[in-house]
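Engineer: Build me a structure from this.
(one chain, ligands or ions: 1)
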Amino acid sequence: SKSEIGLIGLGTMGAMLSLNIAEKGFAISVFNRTTSRTSEFHAEAGELAEQITPCDTLEDLVASIAEPRAIILMVPAGGAVDEQIAALRPLLGKDDLIIDAGNANFRDTEARAAQAEADGVPFLGIGVSGGEEGARHGPSIMGGGRKKAWDQVSHILTAIAADYEGTACATWMGQGGAGHFVKAVHNGIEYADMQMIAEIYGIMRDGQGADAATCAEAFETWNKGPLQSYLIEISGKVAAARDAETGNAVLDIILDRAGQKGTGRWTVIEAQHLGAPIPVIEAAVAARNLSAMKSERERGEATFGAAPVPLPTGALGRDDLEQALIAGKIMCYAQGFHLLNSASAEFEWDLPMPEIARVWREGCIIRSTMLNDMAEALTGAPQDNLMFAPFFAKLIDDSAPALRRVVATAVSHGLQVPALAAGLSYYDAMRTGRSTANMIQAQRDFFGAHSFERVDKEGAHHGPWGS
Ligand code: NDP
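Structural biologist: Numbering: from 1, shown residues only. Predicted structure coming up:
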């Protein structure tokens, strides 16, 4: 009998996703460019092997899947996706669905969706989060494209997705590139969550002289409170890990140069296009770029002296650090959801805001307890800034003073907290009814006759600048 679905690209993610699909009881056909990998994968699949049909050619793959077919691409984003689509389409029927499940730039997905529309064939772009482990046992899935195409495979996607108290973390987000856009924002938030954790780690390590084991203990403690999340959990685990060879803390032997594949950058670029302020995520992306400038930083340290200096004993307590992370996290998510709202309006996606928070509760990298509270807050007021939801307004009232203490203390001791500082600055900007943009407007009118509005009269006005 024929397979229910096919998958191309048995790399880290594709292999795990295939096993997940097979385990959930769906017969699947698989193909990989390097064919030896296909047989290797099949041989290692154990008892799941009988659910899996290994194929050495695209023709075999297509022939082995029941119509209307659905084929998942799990290849690197970019040219590889276009190549696979070009190779597959001529072999497929009009109703056969291609699903790009890699980390595509949503603009590429929009273009591919438009091409598919023009050709009258179905196409989906889905964001899959959760890394290798998520792909194997339940990722978070953010779908985009025609709803009808989503409905064709939603039974499979919800079956393989992570489960949050009986609800599958897989949702159709909207037309075209909506799913990949939501995935990019997820990744932008992921960058920011990680950066804020790294900043708090820096305060403990460089400001308080804490060793990795002490930092691990702090993260473990926080993981039992409001900060409970996958990223806090793994931060505790990595801080606790020891290098077998040297006996040192693994953290202490890891080079301080962060990698990135570009999804955080895309989020920042799109936020700029949309005029949506996401300064916490921007700071996190900039911090990764700065981390890459290792030799310049070393030169700077030699030239100007090392930046971080120890904090006075007792300057910041563990509670302060926890509260600062809570406040920073809320600011980051408030910005992320605001960006999603802006994109939803601009691209006419009608993004389901509470559903986005819901699919992020399990399976994905940013999963956390707080996302459940966010889902609830957004259910009541999907378009409102998260800061104003009563639950979060209260949490901000409680935690913002600690964020200010932590940022002020860190800055005055050369400890870098760019993302936390951006969060604090956003908080202050958001409660400044009268900003200083009157000065900006005056300057713009002065040099460019751009005009300004007045606080006391309607209309466009010019200043008495003369010529
Ligand atoms: P890998 O590098 O592990 O695997 C890449 C796969 O794509 C291999 O099977 C490779 O085949 C195949 N491939 C590469 N180039 C081509 C090509 N030009 N034509 C056909 N097949 C090709 O990648 P991952 O599994 O990590 O990532 C796949 C996608 O999933 C990417 O878009 C990634 O961004 C995304 N993703 C990854 C996550 C992760 O944690 N790793 C998390 C979420 C999304 P071959 O064996 O022949 O080289």
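
Engineer: Whatever residue of the stretch 151-300 of the chain ends up closest to the ligand: what's it in contact with?
Structural biologist: Closest approach between the stretch 151-300 of the chain and the ligand, counting by Cβ to the nearest ligand atom: residue 261, at 6.1 Å. Quick note: C-beta positions are derived from backbone N, CA and C, even for glycine. Shown in contact with residue 261 (Cβ atoms under 8 Å, 6 or more residues apart in numbering): residue 103.

Engineer: what do you get if the cut-off is 10 Å, keeping everything else the same?
Structural biologist: By Cβ atoms under 10 Å, 6 or more residues apart in numbering, residue 261 lies in contact with 76, 77, 103, 187.

Engineer: which parts of the stretch 51-200 of the chain sit against the ligand?
Structural biologist: 74-77, 80, 83-84, 102-103, 128-129, 131-132 (Cβ under 6 Å from any ligand atom).

Engineer: Just the residues you listed: which are in strands?
Structural biologist: Counting by DSSP state E, those place 128, 129 in strands.

Engineer: Would you mind giving me the ChimeraX syntax to select the buried ones in the residues of the stretch 51-200 of the chain next to the ligand?
Structural biologist: Per 16 or more other Cβ atoms under 10 Å, the buried members of those correspond to this ChimeraX selection:
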select :74,75,77,84,102,103,128,129,131
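
Engineer: The residue of the stretch 151-300 of the chain closest to the ligand and residue 285, how far apart?
Structural biologist: When distance is defined by Cβ to Cβ, to the nearest Å, residue 261 is 12 Å away from residue 285.

Engineer: Just the CA atoms of stretch 150-163, as CSV, please.
Structural biologist: Written as CSV, here are the backbone C-alpha positions of stretch 150-163 (Å, rounded to 0.1, in the frame of the first residue of the first chain):
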residue,chain,number,x,y,z
TRP,A,150,-3.3,23.0,5.7
ASP,A,151,-6.5,21.0,6.2
GLN,A,152,-5.2,18.3,3.9
VAL,A,153,-2.3,17.5,6.3
SER,A,154,-3.4,19.0,9.6
HIS,A,155,-4.2,15.6,11.0
ILE,A,156,-0.6,14.5,10.5
LEU,A,157,0.9,17.8,11.7
THR,A,158,-1.2,17.9,14.9
ALA,A,159,-0.4,14.3,15.6
ILE,A,160,3.3,14.8,15.4
ALA,A,161,3.3,18.2,17.2
ALA,A,162,4.0,18.8,20.9
ASP,A,163,1.1,18.4,23.2
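
Engineer: Now that stretch: average pLDDT?
Structural biologist: When pLDDT is averaged over stretch 150-163, the result is 98.

Engineer: What residues sit buried inside it?
Structural biologist: 150, 152, 153, 154, 156, 157, 158, 159, 160, 161, 162, 163.

Engineer: So which of the residues you listed sit within helices?
Structural biologist: The helices, defined by DSSP state H, take in 150, 152, 153, 154, 156, 157, 158, 159, 160 from the buried residues of stretch 150-163.

Engineer: mind listing what the residue in the chain that the ligand sits nearest to touches?
Structural biologist: Residue of the chain nearest the ligand, by Cβ to the nearest ligand atom: residue 11 (1.7 Å). If you count contacts by Cβ under 10 Å, 6+ apart, residue 11 has them with 32, 33, 34, 37, 74, 75, 76, 102, 132.

Engineer: Now residue 146: closest residue in space that isn't a chain neighbour?
Structural biologist: residue 122 (6.1 Å; Cβ to Cβ, 6 or more residues apart in numbering).

Engineer: Roughly how far does the one you found sit from residue 145?
Structural biologist: 7 Å.

Engineer: so which strand or helix has the residue nearest to residue 379 when sequence neighbours are not counted?
Structural biologist: Excluding its sequence neighbours, the residue lying closest to residue 379 (Cβ to Cβ, 6+ apart) is residue 354, at 4.3 Å. Taking DSSP states H and E as the definition, residue 354 sits inside helix 353-359.

Engineer: And that helix, what's buried?
Structural biologist: Per 16+ other Cβ under 10 Å, helix 353-359 contains these buried residues: 353, 354, 355, 356, 357, 358, 359.

Engineer: Can I get those in TSV including distance to the ligand and pLDDT?
Structural biologist: Shown next, in TSV, are these (distance: Cβ to the nearest ligand atom, whole Å; pLDDT from 0 to 100):
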residue	distance to the ligand	pLDDT
353	22	97
354	23	97
355	20	97
356	17	98
357	19	98
358	19	97
359	14	98
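
Engineer: Now distance to residue 424 too, for those residues, in JSON lines please.
Structural biologist: JSON lines is the format used below for those (distance: Cβ to Cβ, whole Å):
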{"residue": "353", "distance to residue 424": "25"}
{"residue": "354", "distance to residue 424": "27"}
{"residue": "355", "distance to residue 424": "30"}
{"residue": "356", "distance to residue 424": "25"}
{"residue": "357", "distance to residue 424": "23"}
{"residue": "358", "distance to residue 424": "29"}
{"residue": "359", "distance to residue 424": "29"}
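
Engineer: Just give me the closest of those to residue 325.
Structural biologist: residue 357 (18.8 Å; Cβ to Cβ).

Engineer: Quick one: residues contacting that closest one.
Structural biologist: Applying Cβ under 10 Å, 6+ apart, the residues near residue 357 are 333, 337, 340, 370-379, 382, 386.

Engineer: check which helix or strand covers the residue nearest to the spatial centre of the chain.
Structural biologist: By Cα atoms, centre = their mean, the chain has its centre lying nearest to residue 187, at 1.7 Å. Residue 187 is part of helix 178-202 when elements are defined by DSSP H and E.

Engineer: quick one: the helices in the stretch 301-450 of the chain?
Structural biologist: 318-347, 353-359, 369-380, 390-412, 418-429, 437-448 (DSSP state H, counting those that start in this stretch).
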